[in-house]
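>>> sharing a model that was predicted from the sequence below.
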Amino acid sequence: MKKLAIAALTIAAWFSMTLAASAQFYGEGTIGANGIVRLPRTAERMRMQVDVLSRAGEIREAIKGLEGRTAAARTKLLELGAIADTLKIAEPTLVVEDNAQRQQLEQMIAQSLRSSGRGKKPAAVARPVTVSARLTAEWKLDDTGIAEQLVKAHELQAALREADVSGSKEASQLSPEEQEILEESEMLSSYNAYNTEAKPGEPVFYFVASIGDEEYTQALADAFKKAKSEAAMLAGAAGSKLGKLESLTVNNSGAPDYSNYGYGQSYQAYQMLQNFGVFGESDSAPDASDHREAIGTQPGIVQYTLTVSAGFHIAE
């Protein structure tokens, strides 16, 4: 009996805290809850996003090189079967050099010179300019089963990396002056071993399926019904009833739920997509329906998640 009393008090305290949190979020005298609907879909397309790079000693030269590289990339992607209408190239941006890494490199060189007894200060190296433009392209996935999609996606990704459409191999190379300093100080092998950061211009691949207006509207209705039911249960547990609707918001995401995946490969891929801004589209945009997509890091089943938050007045 004592245990039941303690359990009842615990539940009552939990409801009290939940109601307090709800009132703080939704406003005094209100209660709210979330309704979540997940729409699993079979991936329809593979999408690649990559930053095309151009490096030169002067910015105009770098931009000119970028124009040539993006034109070559477009041709190569079409040869590899990209859908022409999906090829998009953003405006060029300036890539900020990693000054911290360069300072570490210069310190390594100076240390090597002092150790060899030469002690002279290495000649100043002109810092090159790197510009980039984000390129997006898509490939259609045939409905031939997940196994075949995996094979096709793997082979296509390997071909795209080999083609180096971003120009990252060339852009990440050391300048002749940097190469000379490193060779003179006998630090080239140490530098290559030390430089373990991800290479710029690495392509990001993911898989998408479109969400139509009709199924999106139905999902909204289902999510609201869940939110209202949850709020009613919470109000009933506190001895109250729901009044009129006070607030209603929706949060949409094509992102899969990796909250229970730890730090495995799938979660790391998800983080890469986040860093690339893949999940940055908003359903509040005028053309929002064009961006409602279920997204995944592998072929097969991808998912779109819709969350409706509803706040209600508490009836007297």
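Arrived safely. What you see is a predicted model; the values in this text were computed from it and never measured.

>>> which other helices and strands contact the longest strand belonging to the chain?
Secondary structure of the chain per DSSP state E: the longest strand is strand 301-315. Helices and strands touching strand 301-315, by 3 or more Cβ pairs under 8 Å, 6 or more residues apart in numbering; DSSP states H and E, are helix 2-26, strand 30-42, strand 204-210, helix 213-237, strand 241-253, strand 293-296. Bear in mind the C-beta positions are built from the backbone N, C-alpha and C, glycine included.

>>> ok, which of these comes nearest residue 143?
When the helices and strands packed on strand 301-315 are ranked by proximity to residue 143, the top entry is strand 30-42, at 7.4 Å, counting by Cβ to Cβ.

>>> what's the angle between the very next helix or strand once past the closest one and strand 204-210?
Next helix or strand after strand 30-42 toward the C-terminus (DSSP states H and E): strand 45-56. Inter-element angle recorded for strand 45-56 and strand 204-210: 140 degrees (by axes from the mean of the first three to the mean of the last three Cα atoms, to 10 degrees).

>>> now strand 45-56: mean pLDDT?
Average pLDDT, strand 45-56: 91.

>>> direction included, what does it pair up with?
Sheet pairing of strand 45-56 (DSSP bridges) gives strand 129-140 (antiparallel), strand 204-210 (antiparallel).

>>> convert the first one to PDB, retaining C-alpha atoms only.
Once side chains and other backbone atoms are set aside, the C-alpha atoms of strand 129-140 remain, and they are given as PDB (Å, rounded to 0.1, in the frame of the first residue of the first chain):
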ATOM      1  CA  VAL A 129      43.400  32.000 -53.100                       C
ATOM      2  CA  THR A 130      40.700  29.300 -53.200                       C
ATOM      3  CA  VAL A 131      37.200  29.800 -54.500                       C
ATOM      4  CA  SER A 132      34.300  27.300 -54.600                       C
ATOM      5  CA  ALA A 133      30.800  26.800 -56.000                       C
ATOM      6  CA  ARG A 134      28.400  24.200 -54.800                       C
ATOM      7  CA  LEU A 135      27.200  21.800 -57.400                       C
ATOM      8  CA  THR A 136      24.100  19.600 -57.100                       C
ATOM      9  CA  ALA A 137      23.100  16.700 -59.400                       C
ATOM     10  CA  GLU A 138      20.700  13.700 -59.200                       C
ATOM     11  CA  TRP A 139      20.400  10.200 -60.700                       C
ATOM     12  CA  LYS A 140      17.200   8.200 -61.000                       C
END
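
>>> would you mind confirming that residue 63 makes contact with residue 92?
Yes - look at residue 63 against residue 92 with Cβ atoms under 8 Å: they come within range, at 5.9 Å.

>>> hmm, back to that, which one of the strands paired with strand 45-56 lies nearest to residue 246?
strand 204-210 (33.3 Å).

>>> can you give the contact residues for the closest one?
41-50, 138, 141, 153, 157, 254, 269, 272-273, 276, 278, 292-300, 302, 304 (Cβ atoms under 8 Å, 6 or more residues apart in numbering).

>>> swap the cut-off to 6 Å and go again
Around strand 204-210, the neighbours that count as contacts under Cβ atoms under 6 Å, 6 or more residues apart in numbering are 41, 43-49, 157, 272-273, 276, 293-297, 299, 302.

>>> and for stretch 32-43?
So stretch 32-43 is contacted by 22, 26, 141, 207, 209, 219, 222-224, 226-227, 230-231, 294, 299, 301-311 (Cβ under 6 Å, 6+ apart).

>>> just the buried ones from these?
22, 26, 141, 207, 209, 219, 222-224, 226-227, 230-231, 294, 299, 302-311 (16 or more other Cβ atoms under 10 Å).
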